[in-house]
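Participant: sequence first, predicted coordinates after that:
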Amino acid sequence: MSPSESPFHLWIAMDDTRTVVALAPLKVSRNPARHEWGSITDLRAEPETERPESVPRIIVLSTLVLIGSFGLCLTGAPGPVVFLLAVLALGVGSASYLYKPPPAMVVARDEATFPELHRTLESARERTEFADLLRMAERAGRVLPAVEAAVDPAEGGELLAQVLWEAADVLSRRQQLRPQVARPPSASAGPAATRAAQTLAEQRGAAQALWMQTEAELERIQTALELAAVAGENVAHDSGALDVVREAYEELVAVYGNRH
């Protein structure tokens with residue numbers, strides 16, 4: 001069964017170089033921080049811990065090996081054997097001190113089989129904006145039990161996950177468009193321009209239009225998520241905010257429904 005045929009569940013995994021958002025299970029190597037809420041599993045690569053300086057430790061190891069070798073010589077052990085053991089101990093110990101494990105990485109085992117169920121963000125701007133949207137959605141998710149009179153918590157949690165999936169898709173498209181939009185504009189395609197130059201200008205114009213479309217979609221998603229979060233938090237002080245919560249989730253339904 002394709003992962004998309006299961007109940008809606010969003011997987012988010014982040015390491016130092018990319019953010020992967022998927023409708024199929026993800027992993028992060030080397031014991032990630034795992035956070036589950038609503039219909040979302042959020043995996044984060046743990047930051048690298050500071051390792052002690054290797055040089056002082058190797059000096060201490062060398063001293064111990066030297067003392068041990070001297071002790072073996074005093075017991076009458078053959079010189080070549082003592083030398084071999086000393087080299088072996090020093091080599092293994094130094095290697096263990098100098099070894100640096102590879103950084104934790106996102107593992108998306110189903111990406112090749114189901115590429116349509118995965119969105120990968122590698123640009124710093126897209127990754128930052130998605131992280132901001134994720135934090136906003138989690139704020140909205142935390143207050144769902146308090147706004148049960150307006151939104152079913154289970155349905156609300158699933159809807160927040162669906163909107164984050166849409167956000168990842170929009171950010172992925174914008175990421176693909178950035179190289180075209182970032183290029184300096186060419187000279188105006190006037191009457192003397194070649195057909196190729198005119199076509200290039202048209203294509204760049206189309207890319208710019210698509211870019212503006214993604215910006216509008218992202219602004220709509222951000223506004224709806226922020227409204228859901230702020231209105232939900234205000235319910236504790238203002239029962240009238242429940243109407244605003246309903247409005248916010250109606251907008252989230254529209255955001256997701258426009259594409260499905």
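Facilitator: It's in. Numbers count the residues shown, from 1 in each chain.
Participant: can you give me the strands in this protein?
Facilitator: Ranges of strands in the chain, per DSSP state E, are 10-14, 19-22, 27-28, 33-37, 40-44, 106-107, 118-121.
Participant: low-confidence regions, the stretch 51-200 of the chain specifically.
Facilitator: Applying pLDDT under 70 to the stretch 51-200 of the chain picks out residues 51-101, 183-193.
Participant: could you redo the last one with a cut-off of 80?
Facilitator: 51-103, 181-193 (pLDDT under 80).
Participant: what about the longest helix in the chain?
Facilitator: In the chain, with assignment by DSSP state H, the single longest helix is helix 195-234.
Participant: buried residues in stretch 243-258, which are they?
Facilitator: In terms of neighbour count (16 or more other Cβ atoms under 10 Å), stretch 243-258 has its buried residues at 244-245, 248-249, 251-252, 255-256. To be clear about C-beta, it is placed using only N, CA and C from the backbone, and glycine gets the same treatment.
Participant: just give me the neighbour total for Val151.
Facilitator: For Val151, the neighbour count with other Cβ atoms under 10 Å is 23.
Participant: could you check how far it is from Glu166?
Facilitator: Per Cβ to Cβ, to the nearest Å, Val151 is found 18 Å from Glu166.
Participant: what's the answer for Glu148, then?
Facilitator: For Glu148, the distance to Glu166 - Cβ to Cβ - is 24 Å.
Participant: okay, those two: which has more neighbours?
Facilitator: More neighbours surround Glu166 than the other of Glu148 and Glu166, with 20 against 11 (other Cβ under 10 Å).
Participant: dump the residue contacts of the more buried one.
Facilitator: Under the criterion of Cβ atoms under 8 Å, 6 or more residues apart in numbering, the neighbours of Glu166 are 217, 221, 255-256, 259.
Participant: what do you get for Glu217?
Facilitator: 166, 170.
Participant: show the pLDDT at it.
Facilitator: At Glu217, the predicted lDDT confidence score is 94.
Participant: same check on the one 5 residues further on?
Facilitator: Reported pLDDT at Gln222 in the predicted model: 95.
Participant: one step back: which positions in the longest helix of the chain come out as buried?
Facilitator: Those would be 201, 204, 207, 210-211, 214, 217-218, 220-221, 224-234, for helix 195-234 by 16+ other Cβ under 10 Å.
Participant: mind checking how far the nearest residue to Thr214 once chain neighbours are set aside is from Glu46?
Facilitator: Spatial nearest neighbour of Thr214, excluding adjacent residues (Cβ to Cβ, 6 or more residues apart in numbering): Arg174 at 4.2 Å. According to Cβ to Cβ, Arg174 stands 29 Å off from Glu46.
Participant: looking at these two, which has the bigger crowd around it?
Facilitator: Arg174 (22 against 12).
Participant: thought that one was touching Leu218?
Facilitator: Yes: contact status for Arg174 versus Leu218: in contact at 7.5 Å, counting by Cβ atoms under 8 Å.
Participant: okay, now the domains of the chain?
Facilitator: Annotated domains of the chain cover 1-51+104-122, 54-98, 123-260 [automatic domain parsing].
Participant: quick one: closest of the strands of the chain to Asp238.
Facilitator: In terms of Cβ to Cβ, the element of those nearest to Asp238 is strand 33-37, at 24.7 Å.
Participant: and that closest one, what's buried?
Facilitator: Within strand 33-37, no residue counts as buried by 16+ other Cβ under 10 Å.
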